[in-house]
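Enquirer: sequence and predicted model, in that order:
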Amino acid sequence: MRQIYQRPNFTRYIVLLCCIVQAAQLTIAGCSHTKPYYHPNIPDSARYASKTEGTLQYRLLLLGDGGEPEPDEPVLKTLSEWAAKDAARTSVIFLGDNMYPDGMTERRKHEASSRLTPQLAVTKTAGAHGLFIPGNHDWASGRAEGLRAVLAQEKFINDALAGESNFLPPGGSPGPVALELPKTDPVLRLIVLDTQWWLHQHEKPKKAPEQVIEELIALLDTELPVIVVGHHPLETYGEHGGVYDWKTHLFPVRALNEWLWIPIPIVGSMYPYARSHLYRSDQDLNGTRNKTMVAALNRAFATRKLPPQGPPLLIYAAGHEHSLQVLKGDVTDYLLVSGAAARRKVTEVMSGDNTLFAHQHTGFMAIDFLNDGKVLLQVVEPEGKGVLFHQWLTF
């Protein structure tokens, strides 16, 4: 009897191959740290508040990306409580993206009362020093109106807050601008940068990047601990660092709105792939301008003198990524990412070998400088969670 030839069912093989590829992608992607992550070498005692014997000389409270607060935003309430503990010795530093989605453009400036005012109220109520730095959204998300939007926000904030040094760097300039805190017998040098200036492709104050780096190197020449703040991180294990968890692969439209849990397997993995390899945004670490900026800043940080001639501690703190991350640095001692000031903006975060702490949650970071020379870092979360991580910063 003649045998009838049957062609292979290629559709079945293609589907099977896609399932294998998807399973491999999900395995590699892993899970975001919806529960606090601690490096294996971190002791259990670091997961709570630490008792201090020294007297507080100055405190920095760091958080960013608070430009879309909910009514009675819990993190701002907790931040206000911390700022009021010793307001005369406290600076609250808002690390950019103070007003979503496009800053104080002509079309959006009427929204300032709902976006900026709740953040301004923290420092006004507590009586602490408030400092705002700009982020990419404050520069009209990189569009042509960016400089005008930043200048409008600077005026709005300076008019709202009494005192000085409430919006830096001034005039849309890249900085660096240095403050020594407190003014009498300072215990730290704070250096402020506008990192979006490096990435902005439209009108902006003219300054050679080499001059920015030369000035930054000069400001690192101090015997005080140095905290450098900018909006964009130098390293991150979130989406701006090209790191995505399994939910991004299966539910890609959540990038448009977090409640859109629409599964799109296989095809959904095209979004993180395209963002990492095809369309490289300058807002991500793999963007061309971002790479140039990070390399230049790291080159400057690598020139710092060792103590006692140079700073005994060098920290770079940023927002931009909507999570909480404490990383051991390479050319800096520590890298902080504190961009989770608004509950509706929190995004996934993973971890690397140098991650000491990471959490997909709202919160802020506190750095305390004590009279015995010690420096204490604490990660604080709202709604009764309190201090979830502390580290005595070594140098």
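Expert: Here it is on my side, so go on.

Enquirer: now the strands: where do they sit in this structure?
Expert: Applying DSSP state E to the chain gives strands spanning 37-38, 56-63, 90-94, 129-132, 177-181, 188-192, 226-229, 314-318, 324-328, 334-338, 355-359, 364-370, 375-381, 386-392.

Enquirer: so where's the stretch 201-350 of the chain uncertain?
Expert: 244-279 (pLDDT under 70).

Enquirer: all helices of it, in order?
Expert: For the stretch 201-350 of the chain, the helices defined by DSSP state H, counting those that start in this stretch occupy 209-219, 246-250, 270-273, 288-301.

Enquirer: next one: the stretch 51-200 of the chain
Expert: Assigned by DSSP H, counting those that start in this stretch, the stretch 51-200 of the chain shows helices spanning 74-85, 112-115, 117-126, 146-160, 196-199.

Enquirer: confidence-wise, which of those is weakest overall?
Expert: For those, mean pLDDT drops lowest on helix 112-115, to a mean of 92.

Enquirer: residues contacting that helix, please?
Expert: Residues outside helix 112-115 that contact it (C-beta atoms under 8 Å, 6 or more residues apart in numbering) are Gly67, Glu68, Pro69, Asn98, Met99, Tyr100, Met104, Gln153, Phe156. (Each C-beta comes from the backbone N, C-alpha and C, glycine too.)

Enquirer: try it again at 6 Å.
Expert: Residues outside helix 112-115 that contact it (C-beta atoms under 6 Å, 6 or more residues apart in numbering) are Gly67, Met99, Met104, Phe156.

Enquirer: and those residues as TSV, adding distance to His232?
Expert: Listed next are those as TSV, based on distance: C-beta to C-beta, whole Å:
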residue	distance to His232
Gly67	15
Met99	17
Met104	20
Phe156	23
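
Enquirer: most surrounded residue in those residues?
Expert: Counting neighbours by other C-beta atoms under 10 Å, Met99 leads the contacts of helix 112-115 with 30 neighbours.

Enquirer: how far away is it from Asn136?
Expert: 12 Å (C-beta to C-beta, to the nearest Å).

Enquirer: thinking again about what came up before, which one of the helices of the stretch 51-200 of the chain is the most hemmed in?
Expert: helix 196-199 (a mean of 24; mean count of other C-beta atoms under 10 Å).

Enquirer: distance between the ends of stretch 296-307?
Expert: 23 Å (C-alpha to C-alpha, to the nearest Å).

Enquirer: got the buried residues for that stretch?
Expert: For stretch 296-307, the neighbour count (16 or more other C-beta atoms under 10 Å) marks Ala296, Leu297, Asn298, Ala300, Phe301, Arg304 as buried.

Enquirer: mind listing residues that contact it?
Expert: In this structure, residues lying in contact with stretch 296-307 by C-beta under 6 Å, 6+ apart are Ile213, Leu216, Ile217, Leu220, Gly310, Leu314, Val331, Thr332.

Enquirer: apart from its chain neighbours, what residue comes closest to the fifth one?
Expert: In space, Gly310 comes closest to Arg304 once its chain neighbours are excluded; the distance is 5.0 Å by C-beta to C-beta, 6 or more residues apart in numbering.

Enquirer: which residues touch His137?
Expert: By C-beta under 6 Å, 6+ apart, His137 lies in contact with Asp97, Tyr100, Gly103.

Enquirer: the first one - how many residues pack around it?
Expert: Counted by other C-beta under 10 Å, the residues lying close to Asp97 total 30.

Enquirer: closest to Glu239 out of the contacts of helix 112-115?
Expert: Within those, the smallest distance to Glu239 is 17.9 Å, found for Gly67 (C-beta to C-beta).

Enquirer: now the contacts of stretch 296-307 as CSV including neighbour count and distance to Glu111?
Expert: Converted to CSV, the contacts of stretch 296-307 look like this (neighbours: other C-beta atoms under 10 Å; distance: C-beta to C-beta, whole Å):
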residue, neighbour count, distance to Glu111
Ile213, 16, 36
Leu216, 22, 34
Ile217, 16, 39
Leu220, 22, 38
Gly310, 16, 44
Leu314, 20, 37
Val331, 16, 39
Thr332, 23, 35
